[in-house]
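J.: Any chance you can model this:
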Amino acid sequence: MAGFTKAFARTTLDSAIVDGDKVQWSENGSSATTHIAATAIAAWDASTDADPTVRQNTGATESAACDADDVTITHYAIYNSAGSTQKTDWTAVDTQKTYDTGDKISIAAGAIKVTLT
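T.: Modelled structure (predicted):
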């Protein structure tokens, strides 16, 4: 079965994951938590010319404050800017962490990645 060319994969990923898309956080890997609001990603790097092609956030950012104690974030997914349409599968975070009221998730540049094969 034939696959996409690298150029087509890059174009497709760049048009699917756009500035302003939001990261939803999950405590179970299957649904968004209600304790930390979705975090908008202001900008994404252009997709790489690799196999698989990768698109990642360009700058560091921070989530809204957690509104409960003992919230352990295990996964994230990318949603559209309205937060109504899930674009990616749930992806395990590199390191699970428990947050308390007022804590925020720090997101380093390049920490949120989306691939297309």
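J.: could you list every residue that touches Ala46?
T.: Neighbouring residues of Ala46 by Cβ atoms under 8 Å, 6 or more residues apart in numbering: Arg10, Asp14, Arg55. Yep, even glycine has a C-beta here, placed from its N, CA and C like the rest.
J.: likewise Ser30?
T.: Trp90 are the contacts of Ser30 under Cβ under 8 Å, 6+ apart.
J.: got it, and Ala60?
T.: So Ala60 contacts Ser106, Ile107, Ala108, Ala109 (Cβ under 8 Å, 6+ apart).
J.: Note down every partner strand of the worst-scoring helix or strand of the chain on mean pLDDT and its orientation.
T.: Here the helix or strand of the chain ranked lowest by mean pLDDT, DSSP states H and E is strand 113-116, holding a mean of 93. Strands adjacent to strand 113-116 in the sheet, as given by DSSP bridges, are strand 53-56 (antiparallel).
J.: before we move on, back to that, give me the buried entries from the contacts of Ala46.
T.: Using 16 or more other Cβ atoms under 10 Å as the burial test, the contacts of Ala46 include Arg10, Asp14, Arg55 as buried.
J.: tell me the SS of the second one?
T.: Yep, that's Asp14 we're talking about. Three-state call for Asp14 (DSSP: H, G, I helix; E, B strand; the rest coil): helix.
J.: likewise Gln96?
T.: strand.
J.: correct me, but it touches Ile73?
T.: Yes. The criterion here is Cβ atoms under 8 Å, and Gln96 meets it with Ile73 at 6.7 Å.
J.: In terms of neighbours, single out the busier of those two.
T.: Between Gln96 and Ile73, counted using other Cβ atoms under 10 Å, the more crowded position is Ile73 (20 against 11).
J.: ok, the more buried one to Thr48 distance?
T.: Note on Ile73: its distance to Thr48, by Cβ to Cβ, to the nearest Å, is 26 Å.
J.: If you rank the contacts of Ala60 by neighbours, which is first?
T.: Neighbour counts for these, by other Cβ under 10 Å, peak at Ile107, which reaches 18 neighbours.
J.: Let me know the pLDDT of the closest residue in space to that residue that isn't next to it in sequence.
T.: Leaving out its chain neighbours, the residue that sits closest to Ile107 by Cβ to Cβ, 6 or more residues apart in numbering is Thr61, at 5.0 Å. pLDDT for Thr61: 97.
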